[in-house]
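> mind folding the following:
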Amino acid sequence: VEEQSTMRLSLGSSALLLAGISSAAAFAPAARPVTAGGASSSLAMASDLFVDATATSGAKKASQIQDSVSDYYGKTLSTSDDLKTNACCTASSMPPHIKSAISAIHPDVVAKYYGCGLCVPDLLEGTTVLDLGCGAGRDVYIASQLVGSAGRVIGVDMTPEQLAVAKETQPYHAEKFGYDNVEFHLGKIEELDQIDSLADNSVDVIVSNCVINLCPDKEAVLQSCRRLLKPGGELYFSDVYSNRRVPESLRNDEVLWGECLSGALYWNDFQNLAKRCGFADPRLVEDAPITIENDDVKATIDESGHDNLEFYSATYRLFKLDELEPACEDYGQAVIYKGTIPLHPSGWSLDDHHYMETGKVFPVCGNTWNMLKETRFESHFDFVGSWDKHYGIFEGCGTSIPYQSATTGVSNKGAGGKAAAASSGGGGGSCC
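Numbers count the residues shown, from 1 in each chain. This is a model prediction of the structure:
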């Protein structure tokens, strides 16, 4: 499992790092009003965070990146075997029910899967799910089986060649599943407002699998996600992150954009971006290191002065809850998991630090309380306490790099909150 979960980057030659648009200038993102819970703020990020699609020159650069990525996934790649690295494809081992769902999906769809993680949260039956960057539709057709005939799954992708496969196999899947509850739209995930069928506050769960890092305007994506989600809904997605900002010399490489690395966000920039877009408390679900093992590539990075640049695959869940606070505050509250979430009779993980055993009182911060109380998970928990008294911040609510694999060097994918509980001596309610 460890070998499957550890990302291994093996490029053909160091020329890949030098083949980008060497003359491109750096683009600094401009401030943009952000609406979150009725309040307006502005986002002023560091100049080398990501390409700004709002500036004139930035728009041209963003369009070039989008066209390049679309061509790469639509024309250059025929199947996942054509990828030059496996940073876009490695994921945690799949549970049996997901393997069963994939076995019912058309082989052409499975062959064109390029994701970096397993983006399938629990309790999807009857929900409306939106898949950003759905490609040929693998995760759409997994979700189609999980939401059932009463649910709905919407796929959006900007690559016509990929969507053609998804749509061509739609009758196959309708016959296989006994119902047709999916729809596909050609479009950019930065421009979701241009898809008429996507109404504000209409989606229960948004998923995305190693796609947002390919998007030059990540802020626009997160803002749209919050607008589309119902109150209590969540964005649940896997993507690639770095331990520091990716330098321009790597960000300008077209192949590395397509391979999911050039667009990787520095983890703390992502945290701040998510919060400023209205997702006050991003929760890490699981992570795994991406290791660069090609000698030429490693030498190129070392010689450029970036030998400490590291990449991680990580899955986050971001809830649309106006009640969330910027930090984990202690109100003396606790929850008791009933053991009723399907496939999790013994315990269930909200994130990598909250594995709750069935029947055990589990102390939580106010944010975790709301993530369980004000969402689709409410009926599966008993809630103890109130908001009457504040006891301060939860001890250990820090700001260091959150990925366990950054210190252990070992993937925790598939372990959920059990890994954190084991490393801290038990699952007794550590909040952060």
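
> with adjacent residues omitted, what lies nearest to residue 279?
In space, and not counting its chain neighbours, residue 279 is closest to residue 318: 3.9 Å by C-beta to C-beta, 6 or more residues apart in numbering. In this view, the C-beta of every residue, glycine as well, is placed from N, C-alpha and C.

> after whatever helix or strand the one you found lives in, next one along is what?
Assigned by DSSP states H and E, residue 318 belongs to strand 311-319. Next in sequence after strand 311-319, counting helices and strands by DSSP H and E, comes strand 333-337.

> tell me which strands and helices that following strand is in contact with?
Where contact means 3 or more C-beta pairs under 8 Å, 6 or more residues apart in numbering; DSSP states H and E, strand 333-337 is packed against strand 355-357, strand 361-364, helix 366-373, strand 381-384.

> got a markdown table for the ones you listed, with distance to residue 308, mean pLDDT and mean neighbour count too?
Converted to a markdown table, the helices and strands packed on strand 333-337 look like this (distance: least, C-beta to C-beta, whole Å; pLDDT from 0 to 100; neighbours: other C-beta atoms under 10 Å):
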| stretch | distance to residue 308 | mean pLDDT | mean neighbour count |
| --- | --- | --- | --- |
| strand 355-357 | 32 | 98 | 23 |
| strand 361-364 | 36 | 96 | 21 |
| helix 366-373 | 32 | 97 | 23 |
| strand 381-384 | 42 | 98 | 15 |
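
> just for the stretch 1-150 of the chain, where's the confidence low?
For the stretch 1-150 of the chain, the stretches with pLDDT under 70 are 1-92, 115-117.

> and for the stretch 251-400 of the chain?
For the stretch 251-400 of the chain (pLDDT under 70), the answer is 253-259, 293-298, 300-301, 396-400.

> ramachandran coordinates for residue 237?
phi -150, psi 150 (degrees, to the nearest 10).

> who does it bridge with?
Beta-bridge partners for residue 237, by DSSP bridges, are residue 208, residue 316.

> touching, it and residue 315? I think so.
Yes: with contact defined as C-beta atoms under 8 Å, residue 237 and residue 315 form a contacting pair (6.9 Å).

> ok, these two, which is more surrounded?
Using other C-beta atoms under 10 Å, the more surrounded residue of residue 237 and residue 315 is residue 237, with 28 against 25.

> surely residue 180 forms part of a strand?
No: using DSSP: H, G, I helix; E, B strand; the rest coil, the secondary structure at residue 180 is coil, not a strand.

> so what's the residue count around the closest residue to it other than its chain neighbours?
What sits nearest to residue 180 in space, not counting adjacent residues and going by C-beta to C-beta, 6+ apart, is residue 174, at 3.7 Å. When neighbours are counted by other C-beta under 10 Å, residue 174 registers 14.

> likewise for the one 5 residues further on?
Using other C-beta under 10 Å, the number of residues around residue 179 comes to 15.

> which residues touch it?
148-149 (C-beta atoms under 8 Å, 6 or more residues apart in numbering).

> so what pLDDT did it get?
For residue 179, the pLDDT comes out at 98.

> how is residue 183 assigned, secondary-structure-wise?
Strictly by three-state DSSP, residue 183 counts as strand.

> just checking, it touches residue 154?
Yes: between residue 183 and residue 154 there is a contact at 5.5 Å, judged by C-beta under 8 Å.

> so what sits against both of these two?
Joint contacts of residue 183 and residue 154 (C-beta under 8 Å, 6+ apart) are residue 197.

> what's residue 121 sitting at in phi/psi?
Backbone torsions of residue 121, given as degrees, to the nearest 10, read phi -70, psi 170.

> now swap in residue 131 and tell me
Note on residue 131: backbone dihedrals following degrees, to the nearest 10 are phi -110, psi 110.

> list the beta-bridge partners for it.
On the basis of DSSP bridges, residue 131 is bridged to residue 155, residue 207.

> equivalent analysis for residue 347, please.
Assessed by DSSP bridges, residue 347 has beta-bridge partners residue 357.

> tell me how many other residues surround it.
Here the number of neighbours of residue 347 (other C-beta under 10 Å) works out to 20.

> likewise residue 201?
With other C-beta under 10 Å as criterion, residue 201 counts 11.

> need the contact list for it.
Contacts of residue 201 were listed using C-beta under 8 Å, 6+ apart, and they are 227-231.

> if we use 6 Å, what do you get?
Contact partners of residue 201, counting by C-beta atoms under 6 Å, 6 or more residues apart in numbering, are residue 230.

> next one: it from residue 227, what distance?
Residue 201 sits 8 Å away from residue 227, going by C-beta to C-beta, to the nearest Å.

> could you do residue 121 as well?
Distance from residue 121 to residue 227, by C-beta to C-beta: 20 Å.

> again with residue 362
33 Å.

> what does residue 314 give?
Taking C-beta to C-beta as the measure, residue 314 falls 24 Å from residue 227.

> check residue 138 too.
From residue 138 across to residue 227, the span is 26 Å (C-beta to C-beta).

> about what we covered before: residue 183 and residue 154: which is more packed in?
Between residue 183 and residue 154, residue 154 has the larger neighbour count (other C-beta under 10 Å), namely 24 against 14.

> tell me which residues touch the nearest residue to that one once chain neighbours are set aside, please.
Leaving aside its sequence neighbours, residue 154 sits nearest to residue 130 (C-beta to C-beta, 6+ apart; 4.8 Å). For residue 130, the contact set (C-beta under 6 Å, 6+ apart) comprises 154, 203, 206.

> tell me the mean pLDDT over stretch 237-246?
So the average pLDDT for stretch 237-246 ends up being 92.

> would you mark the buried spots in it?
Buried residues in stretch 237-246, counted by 16 or more other C-beta atoms under 10 Å: 237-243, 245-246.

> restricted to strands, list these.
Those of the buried residues of stretch 237-246 mapping onto strands are 237-242, per DSSP state E.

> just read off the phi/psi values of the residue nearest to residue 333 when sequence neighbours are not counted.
Among residues not flanking residue 333 along the chain, residue 385 sits closest, at 3.7 Å (C-beta to C-beta, 6+ apart). Main-chain torsions, residue 385, degrees, to the nearest 10: phi 110, psi -170.
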